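In: Predicted model follows, preceded by the sequence.
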Amino acid sequence: MCRYCVEYGGGTKWYLNPDNYRDELYTSGAHEATVKMLTGVQKNSFEVGAMTIADESSPDLYYSDTLSVAMEQMIGHGGQTVPLEDALKIIDLCKGPFFLMNCACRRYFGKTDVLRCLYLWGIETALKERPWEKDSKILSKEEAKEFEMDCDKKGFLHSIWHAAVDTDGIPPIVMCHCTATDCIPTKFKLSYGVVNAQRKGEYVTEVDLAKCKEGCKEYPACMHRCQFGAMRYSPVERVMYIDPQACFGCGLCRPACPYGAIKLVDRSSYPSLVDNW
């Protein structure tokens with residue numbers, strides 16, 4: 001766990017701490033301002049402004065140790081990758097209903113609109129201040145879980161984002177379901193090494209080499225599911241190796257393996273990954 005889970009996790013991961021889902025948390029201080037920015041009329045200015053300057057600002061975010069520290073001080077914890085099982089736990093921690101909206105990263109870069117942003121809070125604000133978004137949907141808790149499972153099946157990353165970090169907590173507000181080719185924060189992370197643009201998950205993938213070798217006789221079906229280049233296939237041994245330094249712990253590779261050779265383990269089991277987010 002990084003310092004955010006230590007400070008705000010209450011003994012677990014920050015996004016699984018029930019205390020961070022308190023109603024009053026979303027309506028106080030910096031949290032309330034963020035909720036309004038992401039679900040109300042201010043969402044237009046935030047999305048258009050952030051998206052239109054993304055390409056111009058990217059070169060200035062090129063990774064260096066000093067800059068990484070500076071960026072952390074400026075933006076703090078951003079969002080974090082989560083596997084399906086944690087996404088379902090997040091749904092259980094929420095009262096519901098949930099609000100499904102379009103993805104800003106795709107909408108403002110000419111990509112096909114897809115309903116992939118699942119808001120956990122702020123439905124009333126969105127319905128009142130964004131009535132023109134006729135394609136948005138309200139989902140029940142069961143529908144939200146079905147949506148999460150469908151995203152996982154299709155290969156969309158699950159990531160959880162919050163309504164600002166403050167001394168009183170770090171309330172999750174939206175789960176996004178994107179891809180490394182479209183998601184702006186993920187691009188910043190992969191291309192420029194900005195740690196807090198999107199943090200890696202709390203897990204890392206491991207492969208049971210015996211099961212892998214026994215099961216796969218041809219090119220493995222799991223490899224195309226990895227969006228981070230963390231899977232390395234050996235055609236000589238006919239097994240898949242994982243680069244733990246590149247793995248985001250999303251777990252999307254698991255459904256593609258019919259032999260049960262792939263699993264997620266806690267990131268802390270790898271000493272070299274302690275500070276690799």
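Out: Cool, the structure landed.

In: quick one: the helices in this protein?
Out: 3-8, 23-26, 29-39, 42-52, 54-57, 65-75, 84-93, 104-107, 123-129, 141-154, 184-192, 209-215 (DSSP state H).

In: list the contacts for Tyr26?
Out: If you count contacts by Cβ atoms under 8 Å, 6 or more residues apart in numbering, Tyr26 has them with 32, 35, 121-122, 163, 171, 173. Every C-beta, even on glycine, is put in place using the N, C-alpha and C of the backbone.

In: okay if I get the helices of the chain as TSV plus mean pLDDT and distance to Tyr259?
Out: As requested, the helices of the chain are exported to TSV (pLDDT from 0 to 100; distance: least, Cβ to Cβ, whole Å):
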stretch	mean pLDDT	distance to Tyr259
helix 3-8	88	33
helix 23-26	94	44
helix 29-39	87	41
helix 42-52	66	41
helix 54-57	54	40
helix 65-75	50	39
helix 84-93	98	19
helix 104-107	77	34
helix 123-129	87	42
helix 141-154	97	18
helix 184-192	80	29
helix 209-215	90	3
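
In: Of the ones you listed, which is nearest Asp243?
Out: For Asp243, the closest of these is helix 184-192, at 13.5 Å, according to Cβ to Cβ.

In: In contact with Trp161, which residues?
Out: Neighbouring residues of Trp161 by Cβ under 8 Å, 6+ apart: 78-79, 172-176.

In: Can you report how many residues neighbour the nearest residue to Thr181 once chain neighbours are set aside?
Out: Nearest residue to Thr181, sequence neighbours excluded (Cβ to Cβ, 6 or more residues apart in numbering): Gln227, at 7.7 Å. Using other Cβ atoms under 10 Å, Gln227 is surrounded by 20 other residues.

In: who's in contact with Gln227?
Out: Gln227 neighbours (Cβ under 8 Å, 6+ apart): 155, 157, 179-181, 248, 250, 252.

In: Pro18 now?
Out: 10, 93.

In: How about Leu127, nearest residue that isn't a chain neighbour?
Out: Phe99 (8.0 Å).

In: bridging residues for the one you found?
Out: Here Phe99 shows beta-bridge partners Tyr119, Ile138, assigned using DSSP bridges.

In: Distance of it relative to Asp243?
Out: Phe99 sits 37 Å away from Asp243, taking Cβ to Cβ, to the nearest Å as the criterion.

In: More neighbours: those two, which one.
Out: Taking neighbours as other Cβ under 10 Å, Phe99 and Asp243 compare with Phe99 leading, 25 against 14.

In: I'd guessed the more buried one sits against Gly122; true?
Out: Yes - judged on Cβ atoms under 8 Å, Phe99 makes contact with Gly122 at a distance of 7.2 Å.

In: what do these two both touch?
Out: Listed contacts common to Phe99 and Gly122 are Thr39; contacts here mean Cβ under 8 Å, 6+ apart.

In: And the pLDDT at the spatially most central residue of the chain?
Out: Residue closest to the average C-alpha location in the chain (Cα atoms, centre = their mean): Ser159, at 1.6 Å. Reported pLDDT at Ser159 in the predicted model: 96.
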